[in-house]
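Asker: predicted model and sequence follow; I will ask about them next.
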Amino acid sequence: RILILDFGSQYTQLIARRVREAHVYCEIHPCTMALADIVAWQPRGIILSGGPSSVQDPGAPTVDQGLFDLGIPVLGICYGLQLMTHLLGGRVAAAEHREYGRALLHIREAVGPFLPFAGEQRVQEVWMSHGDRIEALPPGFRVLAASDNSPLAAIGDPARHLYGVQFHLEVVHTPAGSEMLTSFVRGVCGCHGQWTMSSYRETAVAAVRRQVGKRKVIAALSGGVDSAVTAVLIHRAIADQLTCIFVDNGLLRAGEAEKVAAVFANYLKIPLRVVDARSRFLQALAGVTDPEQKRKRIGGLFIEIFEEEAQAIGGADFLAQGTLYPDVIESISFKGPSATIKSHHNVGGLPERMRLQLVEPLRELFKDEVRELGRELGMPEDIIRRQPFPGPGLAIRCLGEVSGPRLEILRRADRIVMDEIREADLYDHIWQAFAVLLPVRSVGVMGDSRTYDETIALRAVESADGMTADWAHLPYDLLERISSRITNEVQGVNRVVYDISSKPPATIEWE
Ligand code: XMP
């Protein structure tokens, strides 16, 4: 397995994803991890990430120099390369020109199994983003590749298995980057690439059995893929010691509650307690227009209902949660947890209140791995490929007051959006598409009469992880169909607008 030490780069997660794609297990730890802990972790190889600092800065993050004497292969990326150079006696200085964007890399030498490129492949497009650069090699190192602006763009000391690259091989703008990372983790570090979801399934089932023993677990389904895979995996491990609850809060999309119930009951044969709490949620939301208030009330009521249900089955010892690796990284990363932009509604607060321990079998996985695991568990594709849907549901897409009639308008509009996106074969290609109901009335004309109705905003984004997103460039004829169907078929809406904001500075959901 591979250890990735994080120096605060926005790309560190991507390094981990690429390594996992090579079927090699890896974890990200902060660069402050003690040398003794690193040794105890027994990595086959270590990757030093990029980062925003300059090695010359006072207080710049660093590592114990002993790291390079362990005999474990090390790959430094950008800041990681500069730090390695600096610590091992080379020279790093501010480059005359900041280099940012695409560059051509000329590979001079493939040393051992690293950078195994031949012939025309020796010229590769790579992605640069740095202010400092290497001016002099540390003793023992040689140049493996150069770009116009970085004569020392890749360097290595094959005898000590130390390598470094100035460019970012983890981003898609370095097309051969995955191949380069694979050559490091497999070729240089000797990892075999046995990390697959079918072996993970067995390990995870055994781990759940060990953790839970004969005790009881309770799980809440949201309809999304993470909570569903969590429940199925735990059910596989402990069968009827697990109770699954699905709260119909009235904030779901058209047909959703029925679908989840049917899949669990008929297809997966996992008993599900469906709680109809539609009127309780509407009551709790009556008169509330502030987004954070909506989220808090929904979260609070969810906890209340969950406690009631737990009591009804005579209590539980564990709570299942579909926490994924990116959430874990977020809370341990070198930069520290980021500021709260929105209070996300998971089942936060519950474990303390009910004195439950957590079972989180997906804690080590990325979203694409969760989907793969779902397939290994025999789950249906339409659950596995489902676009993300927020816990507070349509309430945060119904701007202004959430009422039964307004939710119904939104649900109808949303169904049209989903149908048309599926029809256009775009469902699997975009991260999320949905309708938002705005409390903005405008004048329209229908037949011979004047209308004064509300507005639907259409939101469709492309994203790799939901952290950043671009608005999707949907074809005009698709936009036209969606707009005309909504204004014709949904009473109460006379105008449709398309949201062309990216995240940042906007967010994906409107509240
Ligand atoms: P934002 O709006 O913050 O959303 O750009 C990023 C991603 O997270 C989803 N989202 C949520 N998911 N509970 C969830 O489980 C929530 O409270 C929540 N709020 C937003 C959103 O749909 C998008 O995919």
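Answerer: Okay, I see it. Residues are numbered from 1 along each chain as shown.

Asker: Pro138 is in contact with Gly89, correct?
Answerer: Yes: with contact defined as Cβ atoms under 8 Å, Gly89 reaches Pro138; the gap is 4.6 Å. Placement of C-beta: from N, CA and C, glycine included.

Asker: what about the two, which has more around it?
Answerer: Pro138 (19 against 12; other Cβ atoms under 10 Å).

Asker: which SS class is that one?
Answerer: Assigned by DSSP: H, G, I helix; E, B strand; the rest coil, the conformation of Pro138 is coil.

Asker: then Ser129?
Answerer: strand.

Asker: that one pairs with what?
Answerer: Per DSSP bridges, the residues bridged to Ser129 are Tyr100.

Asker: pretty sure it sits against Tyr79.
Answerer: No: using Cβ under 8 Å, Ser129 is not in contact with Tyr79, being 10.4 Å away.

Asker: common neighbours of those two, please.
Answerer: Residues touching both Ser129 and Tyr79 by Cβ atoms under 8 Å, 6 or more residues apart in numbering: Gly50.

Asker: where along the stretch 151-300 of the chain do the helices fall?
Answerer: With helices called from DSSP state H, counting those that start in this stretch, the stretch 151-300 of the chain shows them at 177-182, 197-212, 225-238, 256-262, 278-285, 291-312.

Asker: check the offset of the following helix or strand past the last one from the chain's centre.
Answerer: Tracing the chain C-terminally past helix 291-312 and defining elements by DSSP states H and E, one meets strand 318-320 next. Once both centres are worked out by Cα atoms, centre = their mean, to the nearest Å, strand 318-320 turns out to sit 22 Å from its chain's centre.

Asker: more neighbours: which of Ser129 and Tyr79?
Answerer: Tyr79 (26 against 18).

Asker: ranking the helices of the stretch 151-300 of the chain by burial, who's on top?
Answerer: helix 225-238 (a mean of 24; mean count of other Cβ atoms under 10 Å).

Asker: let me see the mean pLDDT of that one.
Answerer: For helix 225-238, mean pLDDT rounds to 96.

Asker: cool, and stretch 244-260?
Answerer: 93.

Asker: buried set for that stretch?
Answerer: 244-254, 256-257, 259-260 (16 or more other Cβ atoms under 10 Å).

Asker: what do you get for stretch 386-406?
Answerer: Quick answer for stretch 386-406 (16+ other Cβ under 10 Å): 386, 389-399, 402, 406.

Asker: then stretch 183-197?
Answerer: In stretch 183-197, counting by 16+ other Cβ under 10 Å, buried: Ser183, Phe184, Val185, Arg186, Gly187, Val188, Cys189, Cys191, Trp195, Met197.

Asker: so of those residues, which two are at opposite extremes in space?
Answerer: Val188 and Met197 (25.3 Å; Cβ to Cβ).

Asker: pretty sure Pro158 contacts Ala110?
Answerer: No: between Pro158 and Ala110 there is no contact under Cβ under 8 Å: 10.3 Å.

Asker: residue at max distance from the center of the protein?
Answerer: In the chain, the greatest distance from the average C-alpha position (Cα atoms, centre = their mean) is reached by Asp448, at 49.6 Å.

Asker: any idea how far Ser53 is from that residue?
Answerer: 67 Å (Cβ to Cβ, to the nearest Å).

Asker: which residues does Asp453 contact?
Answerer: Asp453 touches Arg441, Ser442, Gly444, Gly492, Val493, Asn494, Arg495, counting by Cβ under 8 Å, 6+ apart.

Asker: list buried residues within those.
Answerer: In the contacts of Asp453, the ones that pass as buried (16+ other Cβ under 10 Å) are Gly492, Val493, Asn494, Arg495.

Asker: hang on, the earlier thing: narrow the contacts of Asp453 to those in strands?
Answerer: Arg441, Ser442, Gly444, Val493, Asn494, Arg495 (DSSP state E).

Asker: nearest residue to the first one other than its sequence neighbours?
Answerer: Okay, so that is Arg441. Nearest non-adjacent residue to Arg441, counting by Cβ to Cβ, 6 or more residues apart in numbering: Tyr452, 5.4 Å away.

Asker: phi and psi next, for Arg18.
Answerer: phi -60, psi -40 (degrees, to the nearest 10).

Asker: and it, how many residues sit next to it?
Answerer: 24.

Asker: follow-up on the earlier one: just put the buried ones among the contacts of Asp453 in a markdown table and tack on pLDDT.
Answerer: Putting the buried ones among the contacts of Asp453 into a markdown table (pLDDT from 0 to 100) gives the following:
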| residue | pLDDT |
| --- | --- |
| Gly492 | 97 |
| Val493 | 98 |
| Asn494 | 98 |
| Arg495 | 98 |
